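# fold the following and give me the result.
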Amino acid sequence: MKVDLFDFHLPEELIAQVPLKTRTDSRLMVVDKQTGEIKHEVFKDITKYLREGDCLVLNDTKVLPARLFGVKDDTGAKIEVLLLKQLEGDQWETLVKPAKRVKEGTKLIFGDGLLTAVCTGTAEHGGRVLDFNYEGIFYEVLDQLGEMPLPPYIKEQLDDRDRYQTVYAREPGSAAAPTAGLHFTEGLLKELKEMGVHIAFITLHVGLGTFRPVSVDDVLEHDMHSEFYTVTDETARLLNDIRSKGGRIITVGTTSTRTLETIASQNDGKFTEGSGWTSIFIYPGYEFKAIDGMITNFHLPKSTLIMLVSALAGREHILHAYNTAVEERYRFFSFGDAMFIL
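This is a model prediction of the structure:
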């Protein structure tokens, strides 16, 4: 299966650079996964397509202000660090710019010494392992010194860092936001609960592998990145109960989808409590075991994410929907509009 099968033309001006003032004002394209029929809505009207007994599954990960700017202790040369993954204690896998200046033993200083780090080794894709030293609580220091790690296709500065967090974010650990959830407000979630829609939470910490381009010609040759997930006993019980009663399980975002499909694939279609690393790669031909529908944003051409949604709704239906989105001037990617596949 060729990666080029998932390509489409995207004018650069349709890549959303800033979030809308009101989260629920984003547009919503509703796609019937069986027929490919398209309807155009506003996100706040998603209530028309959900019903009592359905369950929305949200990823409650919280984006870390993971971009740090510092200097080398010995030369004063400027260094940029992006935290990717906590390894053990205060050791983190990071991306460093310029990486060639940071070798094992190099000491880095951030915020006039409020935070320091020593390089203790290398990681995959040219990364560096840094061991941090500080006083107090690491996340509080990071909140003081760090910046939000916006995706590379966003060139504008973000005035309000909370707009790159979902309103229900609570588990720190992501290098990127689960952006399908950015459209929800506390008011909309309350309205859905009052309708009888169940809300369940999982945690998957999003890594930068989400944005890594597919560099091979054949889909089957792609090496999928891994991300850490957690599903609680409460969530597993709720999802099994929803399924037994005939309710629909609808994931918010590809991260929630990958988490539930990982759990269900390991347990004969059932949901169980658990945590671990998932590198599940979903592309056309995959048989879904966990979900009935998905709310997602519009993704990059030839990305693993457009392959995932194509597996759910069919490649032809998805490419037709994406070409329609371009014609109708939908906003794309992290701060863009939404699609509901059901």
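# isn't Asp7 up against Lys302?
Yes. Assessed by C-beta atoms under 8 Å, Asp7 is found in contact with Lys302 at 5.2 Å. Any C-beta I mention is one placed from the backbone N, CA and C, and that applies to glycine too.
# out of the two, which sits in the busier spot?
Each of Asp7 and Lys302 has its neighbours counted (other C-beta atoms under 10 Å); Lys302 has more, 18 against 12.
# so what's that one up against?
Neighbour list for Lys302: Val3, Asp4, Phe6, Asp7, Pro213, Val214 [criterion: C-beta atoms under 8 Å, 6 or more residues apart in numbering].
# state the pLDDT value of the first one.
Reported pLDDT at Val3 in the predicted model: 94.
# now do the helices in this structure.
Using DSSP state H, the helices of the chain run over residues 138-145, 186-194, 233-244, 254-266, 304-313, 315-327.
# any idea how far apart the tips of stretch 155-174 sit?
20 Å (C-alpha to C-alpha, to the nearest Å).
# which other residues reach it?
Outside stretch 155-174, the residues that touch it by C-beta under 8 Å, 6+ apart are 17-19, 23, 58-65, 86, 139, 148, 150, 177-178, 181-182, 184-186, 189, 201, 203, 205-207, 228, 230, 334-335.
# wait, Glu316 sits on Gly36?
Yes. Between Glu316 and Gly36 there is a contact under C-beta under 8 Å: 7.1 Å.
# which one of these two is surrounded by more residues?
When Glu316 and Gly36 are compared on other C-beta under 10 Å, the one with more neighbours turns out to be Gly36, at 15 against 11.
# give me the distance between the two termini of stretch 19-35.
31 Å.
# residues of that stretch that come out buried?
Pro19, Leu20, Arg23, Thr24, Ser26, Arg27, Leu28, Met29, Val30, Val31, Lys33 (16 or more other C-beta atoms under 10 Å).
# residues in contact with stretch 22-31?
20, 37-46, 49, 167, 182-185, 188, 313, 317-318, 321, 324-325, 330-331, 336-342.
# and Cys119, bridged to which residues?
Counting by DSSP bridges, Cys119 forms beta bridges with Leu130.
# just the pLDDT for it.
On pLDDT, Cys119 comes in at 97.
# just checking, it touches Lys103?
Yes. Using C-beta under 8 Å, Cys119 makes contact with Lys103 at a distance of 6.5 Å.
# who's more crowded, these two?
Taking neighbours as other C-beta under 10 Å, Cys119 and Lys103 compare with Cys119 leading, 19 against 11.
# which residues touch that one?
Taking C-beta under 8 Å, 6+ apart, we find Cys119 in contact with Val96, Val102, Lys103, Glu104, Gly105, Thr106, Lys107, Leu108, Arg128, Val129, Leu130.
# bridging residues for the first one?
By that I understand Val96. In beta-bridge terms (that is, DSSP bridges), Val96 pairs with Val81.
# could I get the contacting residues of it?
Ile79, Glu80, Val81, Leu82, Val102, Cys119, Gly127, Arg128, Leu130.
# which of those residues has the most neighbours?
Ranked by the number of neighbours (other C-beta under 10 Å), the contacts of Val96 place Leu130 first, at 26 neighbours.
# I'd like to know how far it sits from Val71.
14 Å (C-beta to C-beta, to the nearest Å).
# what is the neighbour count of Val219?
20.
# that one reaches Asp4, doesn't it?
No. Val219 is not in contact with Asp4 according to C-beta under 8 Å; the separation is 10.0 Å.
# from Arg161, how far out is the residue lying closest to Leu145 once chain neighbours are set aside?
Spatial nearest neighbour of Leu145, chain neighbours left out: Gly111 (4.5 Å); criterion: C-beta to C-beta, 6 or more residues apart in numbering. According to C-beta to C-beta, Gly111 and Arg161 sit 17 Å apart.
# shaky segments in this structure?
Applying pLDDT under 70 to the chain flags the ranges 210-212.
# please parse it into its domains.
The chain breaks down by automatic domain parsing into domains covering 3-63+160-341, 67-145.
# where along the stretch 51-200 of the chain do the strands fall?
55-59, 61-63, 67-72, 78-88, 91-97, 107-110, 115-122, 128-134, 171-174, 198-204 (DSSP state E, counting those that start in this stretch).
# Met294: which of the ones you listed is closest?
When those are compared by C-beta to C-beta, strand 55-59 sits nearest Met294, at 9.4 Å.
# CA atoms of the closest one as CSV?
Presented in CSV, the C-alpha positions along strand 55-59 are these (Å, rounded to 0.1, in the frame of the first residue of the first chain):
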residue,chain,number,x,y,z
CYS,A,55,-20.1,7.4,25.5
LEU,A,56,-17.5,10.0,24.6
VAL,A,57,-13.9,9.0,25.4
LEU,A,58,-11.6,11.9,26.1
ASN,A,59,-7.8,12.0,26.5
